[in-house]
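**Student:** Give me the fold of what follows.
(3 chains)
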Amino acid sequence: MSNAATFDTRTDSAIPMESPLAYSYRRSGAPATGPASRVTLRERALLGHLIVRGGAIALDEAVRGVLGISLPGQPQTLVQDASGERSIQWLSPDEWLVIVPGGEEFPLETRLRERLGSAHYAISDVSGGQTLLELAGEAARELLMKTVIYDVHPSHFPVGKGVTTVFAKAATMLRRPDEERWELVVRRSFADYCYRWLLDAGAEYGVNVEQ
Amino acid sequence: MFYIYCPYCGEHREEEEFRPKGQAHIERPAEPEACSDEEWGNYLFFRNNPRGVHHEMWVHAVGCRKFFNVTRHTVSYEILETYKMGEQPSITADSQSLPREVAAVSHQEGVWA
Amino acid sequence: MSQSRQPVYRLNKGGRIDRSRTLSFTFNGQHYQGHPGDTLASALLANGVDIVNRSFKYSRPRGIVAAGAEEPNAIVQLGSREAAQVPNVRATQQALFDGLTARSTNGWPNVQRDLMGLVGKLGGQFMPPGFYYKTFMAPASMWLTYEKYIRKAAGLGRSPMEPDPDTYDHFHQHCDVLVVGAGAAGLAAALAAARSGARVMVADEQEEMGGALLDSRETLDGKPADQWVSQVLEELVGCENVTLLPRTTANGYHDHNFVTLHERRTEHLGETAPLENGLRQARSRMHRVRVGQVILATGAHERPLVYAGNDIPGNLLAGAVSTYIRRYGVAPGRQLVLSTSNDYGYRAALDWQEAGCEVVAIVDAREFPAGDWVDAARAQGIKIITSSAVIEAKGSNRVTAARVARIDIDAYQVCGPIQVLACDTIASSGGYSPVIHLASHTGVRPIWRDDVIGFVPGGVKGMQACGGANGTYALGDVLAEGVEAGIKASVATGHAAQAVSLPSAKRLQQGVAVALFQVPHEKPTLRGPKQFVDLQNDVTAAGIELATREGFESIEHIKRYTAMGFGTDQGKLGNINGMAIAARCLGLSIPEVGTTVFRPNYTPVPFGAIVGRHCRDLFDPERYTALHQWHVERGAEFEDVGQWKRPRYYPQARAGATNGERESMSEAVARECLAVREKVGILDASTLGKIDIQGPDAREFLARIYTNKWEKLAVGKCRYGLMCKDDGMVTDDGVTSCLADNHFLMTTTTGGAAAILEWLELWHQTEWPELEVYFSSVTDHWATMTITGPNARALLAEITDINLDRDSFKFMEWRTGNVAGVPARVYRISFTGELTFEINVQANYAMHVWQTLFKHGGKYGLTPYGTEAMHVLRAEKGFIIVGQETDGSVTPEDLGMQWCIGYDKPFSWIGKRALVRPDTKRENRKQLVGLKPKDPKVVLEEGAQIVFDPNHAIPMPMVGHVTSSYYSPTLNSGFALAVVKGGQQKLGETVYLPMADGRTFEAEIVSPIFYDPKGERQHV
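**Tutor:** Residues are numbered from 1 along each chain as shown, chains lettered A, B, ... in the order given. Take a look at the predicted model:
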């Protein structure tokens, strides 16, 4: 166990949590689906997000042992467990984003730290600092072309890819977990900007928001 | 708008993801106290401004956040290579491996300047 | 509504227009009719509208000259109402729609009766190049007045004064092959690339793809050429890997094959974008395309001949005459004289005659014209006058005659008698200029080719030019070049070439063209009638000649002196002629003179398309904390701090006010400050940067990056740190806490968060990769609520299980526990000088904790305060703000923070070396001090300059400036922080602040700590 402080910032009690889009729903609303809707936006709120940094070999072993999936060693890759609920995205040669169901992040961090022992690594809980948005529908890709500078053509962005790139004038981690969906991980403080952008850019596709 | 190959991400990315960080291969003197004021001033402030091949440091700011080096032709703006931090360039101003079209561009530019 | 006129020049048959439907439109208040398929220009010509504008400088009447992007005159203002105004639209590029409303851009009060024209006529002789510079130079103070009228007179369109009702888009595109231009070469290239499986985009600026094939006299496989166009387009439309973009202009070609395309999506449908499926759609779209291989198939612009009176309405390009006849069913006159230097020009005469109009004569500069089309003209019985040219057009509002004479090109003179041919239309052709603009955008110089009498694009990596853009004009060669370019591009992007069989084009026999640019006149250029080179900018051959006589030799200087090729024209028609004239005057060849640089954009792009969606409330990201909703509901006024929106103050209803009147900022800030000093205040401090630092070398890293010491900071403790750059100047500050031996949490300034994280990574990645440490931003993960004031402990104690006892939880320590039932890290640090707890919880719980504090806070006088009160409170304590007290030239010692410098640390930390230079040790450096105005009611101006002697002659030596200044409700006085030369040794001395309005304030230099100098209150 490395000499770092761990701290479970989540509580089990019935204390209300607000997702990063709570303000946005009140301010901008959530457009309902219409006959011309070709894209759907959904927030997968309050998940567990961990930034894991360290050497790939040590981390891979630990992650396999704890999560049962291997650490993506290739740049721009995204791996998921069989359920699709847990994922690891390559961010840099020594940095990965792990997303798990809300509440699993602290036990996961604890078990990873146990496994990693004295290796040099870092785990930072960022669950309160970002949220995951999901885009689905036939116009999702076109909406992304208006939004991110990265090439989202299927030949260049197959399922299982994930990148960090520019979202309008902010940044996002863009991932493609399966054929139907795109995922955008955005920072909490930028979430309202991203939400308003997607509603505006998606208007011509009749974007609707599932809550 | 440059198209820059990030040696860590292993692919070309749009310039908007990067930030330039000035001349590459500037090492901080190992013993700053042993430097004269002039030497320290040179380290801090004096930079090359070549017409032709230049080595620059960039950071993939909206991406992997890694710093790396770029060999760029300051006339044609062509990026001749990118390489990781700690590595040395294979193309330099007087290297033989300068691609022919780069030489051609600088030549042509010279005629018309 | 006035009576619509019958379209006088509309042909009964032919053209690609739909005569079964009629569209109404308005030009300069007159109503006209046209058909679907018309451009505004073709419809105006059909209706016999000769004058479409007044010229830029001389205000001469001008008519339509061309049929495409190169049109210099027919530049109109669109829009029937204010919000729909669009300036600078070429009538030749605007599809006609029902209800279109357009006006001339120039001409006041109108184009037919133009007041400025009088000035042009009278002043024409006296308006040489540089006229405005020379005439309106003095007095300088009058320039603004002159400029207003000059601009009104010039008139280059105007922007709407009401908000644009439309939306605009950007699309980020990536493709293997981009084909610019969908004429013969472009379509052939696109076909070859498409079949290889490459990702192909084809952009063409016209309403219909096909380019010159749409009005060609030539056949492909024995059928009209446009049938081949349809066949190719049908195949391309069916290819999933091909994106066809009609009405799309490639406007800019930038580094590394980055091309901007402007797609006019609804401009042909109406003034504003119609709804699609009931949903609003973007009017224009900017495609920002990263391309593997660019194929320039942009064709060529016909070059007009430069002769006297060549700007009178009725002078057209020969090719444009053909296009209007064959594509739009308009013969824009009755009697044509054609002046040409080549065989291509003959096309216009043949088409004109076939349309049933009279060809008065073909005037050919060559002695022995020969070729298929020359033969055809002869067979038709058309009179051909050889070795001659139209030397002057006569007429005022429309051509009435052509003066024709034998010329000697080499001797540059008229060498025979002049005959006058009555006509209403003069078409001219001086050959073609390849459209090289896009390649020039990249910075490469074009290459002159004598064989095609024109410049072709220079070499750009990943770019090929084919067809007309490459100086290749014979249809069969154009098609073959297109296919070759398409195949090369496919292979270069990793695709296998596929066979493309080309239709057969009959090879035309053509005579050799002669290089003719400016036609000689019987009078010398400087004394003869005006011969226009650049119609849009009113540049004449005489102007260029004069420029060379005045000593301008570089074509770039001649361009700037005469304005040739300026503005939205970018030298499409005139540049080569201008260079040829300059070359003649300077006794050089054209390649020796060289070209000017064509710049983006190729044709004007509306601001909407440039801006896209980055406007209004999406102009820039607005970053919000997790408590933003609360601040909004509480009526906070916000302040921009970087991209964050932070509450600046929370105005309340003014005491006793019945009309809902709220406090002023100063009233609110005073109330908020006193609440903190006397009771308890709360600040949303979530915006502070927070960096999680882990690793065995974390402590060593901190010691190198901060100026002060970190080796002994124990777990559970916090420490203030200063960061310098290696020049010794302060760059950031903040509190860093030791969470575990190998684990620290660094806070940075709100604005510096991203830059500091990058700064740490820079040093770690480039200089000290051996240090085992990682940095991650956790700024957004935590919400930070600062409660501060004498009642802070009592309030927090009600909702936490943390022992807050002063001896158990000391100043500059942190603890974990539950606050309002939520796991929290609480830091006992202070930026106000009062007893303070900074409560940090995961941001998703922030609202709950904040509201719980307010549930309990009433009895303690809990008051939310904003950044303005925060500034006052910290300044009273002499706490600096990096970027306010510092400006990149301030050392820690200048700030009086010697206590924060560890000169004896083993590693030579960032900034240390520079701090021992004589200059940074100098005693008269500007140093941080407090300023107490002699009049306590005075609040000094931030930025005000400080002098020691107000009676010193101007310029007075300035010795410093005010960095922060506020009114303190606690001190009942204005007070300020300032930097003053040698100030730390001048406590008690008086300084003076002379203001712009003549007043001079006096202030005393005091300690920067105005309140609780011993720091007792934060320790209670």
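**Student:** make it CA atoms for all contacts and neighbour counts henceforth
**Tutor:** OK.
**Student:** Which residue ranges of chain A form strands?
**Tutor:** For chain A, the strands defined by DSSP state E occupy A:40-44, A:48-54, A:78-80, A:87-92, A:95-100, A:121-125, A:130-136, A:162-167, A:170-175, A:181-187, A:208-210.
**Student:** Can the third one be said to contact chain B?
**Tutor:** What that stands for is strand A:78-80. No. Using C-alpha under 8 Å from any C-alpha of the partner chain, we find that strand A:78-80 stays clear of chain B, coming within 13.6 Å at best.
**Student:** Can you pull the residues of the stretch 701-850 of chain C lying near chain B?
**Tutor:** C:D726, C:D727, C:E758, C:E761, C:L762, C:Q765, C:T766, C:E767.
**Student:** shaky segments in chain B?
**Tutor:** Residues of chain B meeting the criterion pLDDT under 70: B:96-113.
**Student:** Around chain A, pick out the residues from it.
**Tutor:** So chain B meets chain A at B:Y8, B:C9, B:G10, B:R13, B:E14, B:E16, B:E17, B:V62, B:G63, B:C64, B:R65, B:K66 (C-alpha under 8 Å from any C-alpha).
**Student:** burial of the closest residue to C:F811 other than its chain neighbours, as a residue count?
**Tutor:** Of all residues not flanking C:F811 in the chain, C:R828 sits nearest, at 5.3 Å (C-alpha to C-alpha, 6 or more residues apart in numbering or on different chains). If you count neighbours by other C-alpha atoms under 10 Å in any protein chain shown, C:R828 ends up with 25.
**Student:** Residue ranges in the stretch 251-400 of chain C under the pLDDT threshold?
**Tutor:** For the stretch 251-400 of chain C, applying pLDDT under 70 flags no range at all.
**Student:** and it, which of its residues are near chain A?
**Tutor:** Residues of the stretch 251-400 of chain C lying close to chain A by C-alpha under 8 Å from any C-alpha are C:E276, C:N277, C:L279, C:R280, C:Q281, C:A282.
**Student:** Most neighbours among those, please name it.
**Tutor:** C:A282 (25 neighbours).
**Student:** That residue and C:Y168 touch, don't they?
**Tutor:** Yes. Contact criterion C-alpha atoms under 8 Å: C:A282 and C:Y168 qualify, at 4.7 Å.
**Student:** Which residue does chain A have closest to chain C?
**Tutor:** Residue of chain A nearest chain C, by C-alpha to the nearest C-alpha: A:G129 (3.5 Å).
**Student:** hang on, isn't that residue packed against C:A783?
**Tutor:** No. Contact criterion C-alpha under 8 Å: A:G129 and C:A783 do not qualify, at 9.1 Å.
**Student:** overlap in contacts of these two?
**Tutor:** By C-alpha atoms under 8 Å, 6 or more residues apart in numbering or on different chains, A:G129 and C:A783 have these common neighbours: C:Q842, C:A843.
**Student:** Tell me which residue of the chain is furthest from the middle?
**Tutor:** Going with chain A. When distances are taken from the C-alpha mean of chain A, A:P35 lies farthest, 29.4 Å away, according to C-alpha atoms, centre = their mean.
**Student:** that's the other chain; I wanted chain C
**Tutor:** Distance-from-mean max, chain C, by C-alpha atoms, centre = their mean: C:D807 at 60.4 Å.
**Student:** Surely that residue is in a helix?
**Tutor:** No. According to DSSP: H, G, I helix; E, B strand; the rest coil, the state of C:D807 is coil, so it is not within a helix.
**Student:** Would you quantify the distance from it to C:E813?
**Tutor:** C:D807 is 11 Å from C:E813, where distance means C-alpha to C-alpha, to the nearest Å.
**Student:** Same question for C:R623.
**Tutor:** Per C-alpha to C-alpha, C:R623 is found 30 Å from C:E813.
**Student:** mind listing the strands for the stretch 701-850 of chain C?
**Tutor:** Under the criterion DSSP state E, counting those that start in this stretch, strands of the stretch 701-850 of chain C are mapped to C:718-724, C:730-740, C:743-748, C:774-777, C:782-788, C:813-819, C:822-828, C:836-842.
**Student:** ok, how many other residues are close to C:G99?
**Tutor:** Close neighbours of C:G99, defined as other C-alpha under 10 Å, add up to 17.
**Student:** List the contacts of it.
**Tutor:** Contact partners of C:G99, counting by C-alpha under 8 Å, 6+ apart, are C:L23, C:S24, C:F25, C:T26, C:G270.
**Student:** Could you check which helix or strand contains the residue lying closest to the first one once chain neighbours are set aside?
**Tutor:** Pointing back at C:L23 there. Distance criterion C-alpha to C-alpha, 6+ apart; nearest residue to C:L23, sequence neighbours excluded, is C:D98 at 4.7 Å. Counting by DSSP states H and E, C:D98 is held by no secondary-structure element, helix or strand.
**Student:** Who does the residue nearest to C:F811 form a beta bridge with?
**Tutor:** C:R828 has these beta-bridge partners by DSSP bridges: C:E813.
**Student:** how far away is it from chain B?
**Tutor:** 33 Å (C-alpha to the nearest C-alpha, to the nearest Å).
**Student:** burial of residue 12, as a residue count?
**Tutor:** Using chain A. Neighbours around A:D12, by other C-alpha under 10 Å: 8.
**Student:** Wait, chain C was what I had in mind.
**Tutor:** By the criterion of other C-alpha under 10 Å, C:N12 has 10 neighbours.
**Student:** For the closest residue to it other than its chain neighbours, the count of nearby residues, please.
**Tutor:** Spatial nearest neighbour of C:N12, excluding adjacent residues (C-alpha to C-alpha, 6+ apart): C:G329 at 7.5 Å. Look at C:G329: counted by other C-alpha under 10 Å, it has 25 neighbours.
**Student:** Could you do C:V86 as well?
**Tutor:** For C:V86, the tally of surrounding residues (other C-alpha under 10 Å) stands at 21.
**Student:** now swap in C:L269 and tell me
**Tutor:** Neighbours of C:L269 (other C-alpha under 10 Å): 15.
**Student:** Look up how far C:I17 lies from the nearest residue to it once chain neighbours are set aside.
**Tutor:** Distance criterion C-alpha to C-alpha, 6+ apart; nearest residue to C:L269, sequence neighbours excluded, is C:F97 at 6.0 Å. Distance of C:F97 to C:I17, given as C-alpha to C-alpha: 13 Å.
**Student:** got it, and A:E61?
**Tutor:** A:E61 is 71 Å from C:I17, by C-alpha to C-alpha.
**Student:** mind listing what's buried in the helix or strand hosting C:R646?
**Tutor:** Using DSSP H and E, C:R646 sits in strand C:644-649. Of the residues in strand C:644-649, C:W644, C:K645, C:R646, C:P647, C:R648, C:Y649 count as buried by neighbour count, 16 or more other C-alpha atoms under 10 Å in any protein chain shown.
**Student:** same deal with stretch C:923-934?
**Tutor:** Within stretch C:923-934, the residues that count as buried by 16+ other C-alpha under 10 Å are C:N924, C:R925, C:K926, C:Q927, C:L928, C:V929, C:G930, C:L931, C:K932, C:P933.
**Student:** Return the subset of those residues lying in strands.
**Tutor:** C:K926, C:Q927, C:L928, C:V929, C:G930, C:L931, C:K932, C:P933.
**Student:** quick one: C:E240 from C:V483, how far?
**Tutor:** From C:E240 across to C:V483, the span is 20 Å (C-alpha to C-alpha).
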